[in-house]
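**Student:** please find the sequence and the predicted model below.
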Amino acid sequence: MENKKENQKEIRVRFAPSPTGELHIGGLRTALTDFLFVRKNRGKFILRIEDTDQKRIVPGAIERIIEMLEWAGIKIDEGVKFKNNKENTIWEVGDFGPYIQSERLKIYQEYVQKLLNEGKAYRCFCSPERLEKMRKTQQKRKEAPKYDRFCLRLTPKEIEEKIRKKEPYVIRFKIPEGKTSFEDLVYGKIEVNNDILDDPIILKSDGFPTYHLAMVVDDHLMKITHIFRGVEWLSSAPKHILLFEAFGWRATMPKLIHMPNILNKNRKKLSKREGSVSVLDFKNQGYPPAAIVNFIALLGWNPKTEQEIFTLDELIDQFDIQKMNRAGGVFDIDRLNWISAQHIKKMTINDLYENALPFLREKDFYKNWEKENKLENEEARKEYVKKVLKVERDRLEKFTQTGENNRFFFSDEINIIPDDLRWKNSSNEETKKNLSKAMETLNRLSEKEWELARIEKILLDVAGEKRGDLLFPLRAALTGQKKSPSPFEVAWVLGKDKTLSRIKNALSILE
RNA sequence: GGCCCGUUCGUCUAAUGGUUAGGACACCAGGUUUUCAUCCUGGCAACAGGGGUCCGAUUCCCCUACGGGCUACCA
């Protein structure tokens, strides 16, 4: 019976970032893991905002975080989100709010008072200067820096006196004696001696709680069942356990799952100095969200099969805490690029178009083309770009690369070097002959017959054995480059008129 | 310094008390192709070191080394 009850408990997982700037790729990984686990178990994904450090708050950061989560396909079930998908209008949804910690100050103070009354916490009036000095001498003596509990020895009268004199103070949690052990779902059983634990500050002098207190109170009150967070929290987990215990919540506390770090090439924790770390950077670089999701899901987690490319749904389907790793993983951009290319290859042209167009619009060569090339209407422009994308799809690893190597699609100013027109030992005369032949052949096709397969067939028919002698000059004539997609594809995209006029132009250069 | 965690090809990783230690990225070499890309084939490349336990350890235990994290009125 007891077991059955346990099984029925709704899975509730929160992602709880601090609004201190752009969402970090490591943060996205945590959020993604939360999300995969929640979706797999039909639970709730909750966004809570941990803005207890007033000094570090960045205006607009909450909006940016939500935007990036949505970009990645992570849907918020409860907590802080956008109102009716209208950006910049934040609201809070759910029965356990508020979900922004700065709105919960009274709750924390109430719980701290409880600990105070029970002698499980105490006021500390020590100045930062004294603490600093204390730490220095401890370090000099090669001791672990730890609060010396000076204020624990204050008499009630002394405390009263200090309060009356309005001396600023913080509240510290009194770490009990003994040992603390707990089970992490990834790292296994961990046990520490409480005497190495410092009495943590749980309420700051400005009345705000610290992470330790806020997290424990909120996760309990919000009925969180699983905490996924970075390993950097593993060391302070015992403090959190002890806090849950002090409140009498140990039995129902959430399961802990710590996750290994994402590292730089030099195996250090991912940092800004080594390149991109914010999700926004990757979005701006033109990676499909599905590729980023696929890539970071595979950092620290593995399906134990040989599958490498996953959709979000496949990741959800296969997600399993048991398959999470303990060792940190290097963020390998080459691998990301490959995964990204695989995702782009699988996209439909319409999808690719929707995704790539915003990036294309940023480019000068495209802007000029839009301005100068008066295609009869919007639809024609769209069809043209889609043709380009059809040709480029297998060559892209990010959306930003669209058109980059094939500017000749968007500009008639192609620079033909006569030598580049000749294939191998082919002579000038032969080249001219072949180009003329190509022109005549293509000219026989009507606008309506201008299809890729047809273009390819008639050109190959006429090219004969030494196809390079005809196809290579044709490529150069159409593109002004020695490397490009096939001349069939280029001709198909350019259309009959442009194709013929470019060949004509090349012929005149050869004269 | 103290405490905690980690360690399989360069990178992400799989497997196993007895295997030629598997896959993928990257790299290299071929092939296909008119070029580039795609695609296909092949190659290079790893159990951190030392002790145990065991008939036998990459696998289990211990130590060392190396790496990471924490050690704030930051999260």
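**Tutor:** Ah, there it is.
**Student:** just the buried positions in stretch A:349-358, please.
**Tutor:** Buried residues in stretch A:349-358, counted by 16 or more other C-beta atoms under 10 Å: A:352-353, A:355-357. All C-beta spots, glycine's among them, are computed from the backbone N, C-alpha and C.
**Student:** with stretch A:207-227 instead?
**Tutor:** Quick answer for stretch A:207-227 (16+ other C-beta under 10 Å): A:208-220, A:222, A:224-227.
**Student:** looking at the buried residues of stretch A:349-358, which is nearest A:K268?
**Tutor:** Distances from A:K268 to the buried residues of stretch A:349-358, taken as C-beta to C-beta, are shortest for A:N355 (32.8 Å).
**Student:** so which elements touch the helix or strand that contains that closest one?
**Tutor:** In the assignment (DSSP states H and E), A:N355 maps to helix A:349-360. Counting by 3 or more C-beta pairs under 8 Å, 6 or more residues apart in numbering; DSSP states H and E, the packing neighbours recorded for helix A:349-360 are helix A:378-392.
**Student:** would you mind checking the average pLDDT for the helix it packs on?
**Tutor:** The average pLDDT within helix A:378-392 is 93.
**Student:** end-to-end on stretch A:207-215?
**Tutor:** Start to finish, the residues bounding stretch A:207-215 are 16 Å apart (C-alpha to C-alpha, to the nearest Å).
**Student:** what lies in contact with that stretch?
**Tutor:** A:16, A:50, A:52-54, A:101-102, A:104-105, A:108-109, A:111-112, A:173, A:200-204, A:217, A:236, A:239-240, A:243 (C-beta atoms under 8 Å, 6 or more residues apart in numbering).
**Student:** ditto for stretch A:144-156
**Tutor:** Against stretch A:144-156 from outside (C-beta under 8 Å, 6+ apart): A:122-126, A:130-131, A:134-135, A:138-139, A:162, A:169, A:172, A:174, A:196, A:198-199.
**Student:** give me the three-state assignment for A:T89.
**Tutor:** strand (DSSP: H, G, I helix; E, B strand; the rest coil).
**Student:** contacts only, for it.
**Tutor:** Per C-beta under 8 Å, 6+ apart, neighbours of A:T89: A:82-83.
**Student:** re earlier: from the contacts of stretch A:207-215, which are also near RNA strand B?
**Tutor:** A:16, A:50, A:52-53, A:201, A:204, A:236 (C-beta under 7 Å from any atom of the strand).
**Student:** tell me the residues of the stretch 101-250 of chain A that contact RNA strand B?
**Tutor:** Residues of the stretch 101-250 of chain A lying near RNA strand B (C-beta under 7 Å from any atom of the strand): A:126-128, A:131, A:135, A:139, A:142, A:144-146, A:168, A:170, A:187-188, A:190, A:192, A:196, A:198, A:201, A:204-206, A:208, A:210-211, A:231-236.
**Student:** can you say which of those are buried?
**Tutor:** The buried subset of these (16+ other C-beta under 10 Å) comprises A:126, A:135, A:170, A:187, A:190, A:192, A:201, A:204, A:208, A:210-211, A:231, A:233-234.
**Student:** and stretch A:282-297, what's its mean pLDDT?
**Tutor:** 97.
**Student:** repeat that for stretch A:423-441.
**Tutor:** On average, stretch A:423-441 scores 82.
**Student:** pull the CA atoms of that stretch into PDB?
**Tutor:** The C-alpha trace of stretch A:423-441 is given here as PDB (Å, rounded to 0.1, in the frame of the first residue of the first chain):
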ATOM      1  CA  TRP A 423      38.800  21.700 -67.900                       C
ATOM      2  CA  LYS A 424      42.200  20.000 -67.700                       C
ATOM      3  CA  ASN A 425      43.800  19.800 -71.100                       C
ATOM      4  CA  SER A 426      40.800  21.100 -73.000                       C
ATOM      5  CA  SER A 427      41.700  23.900 -75.400                       C
ATOM      6  CA  ASN A 428      40.200  27.300 -75.700                       C
ATOM      7  CA  GLU A 429      38.400  26.300 -78.900                       C
ATOM      8  CA  GLU A 430      36.900  23.200 -77.400                       C
ATOM      9  CA  THR A 431      35.800  25.100 -74.400                       C
ATOM     10  CA  LYS A 432      34.100  27.700 -76.500                       C
ATOM     11  CA  LYS A 433      32.500  24.900 -78.600                       C
ATOM     12  CA  ASN A 434      31.200  23.100 -75.500                       C
ATOM     13  CA  LEU A 435      29.800  26.200 -73.900                       C
ATOM     14  CA  SER A 436      28.000  27.000 -77.100                       C
ATOM     15  CA  LYS A 437      26.700  23.500 -77.300                       C
ATOM     16  CA  ALA A 438      25.400  23.800 -73.700                       C
ATOM     17  CA  MET A 439      23.700  27.000 -74.500                       C
ATOM     18  CA  GLU A 440      22.000  25.700 -77.500                       C
ATOM     19  CA  THR A 441      20.900  22.600 -75.700                       C
END
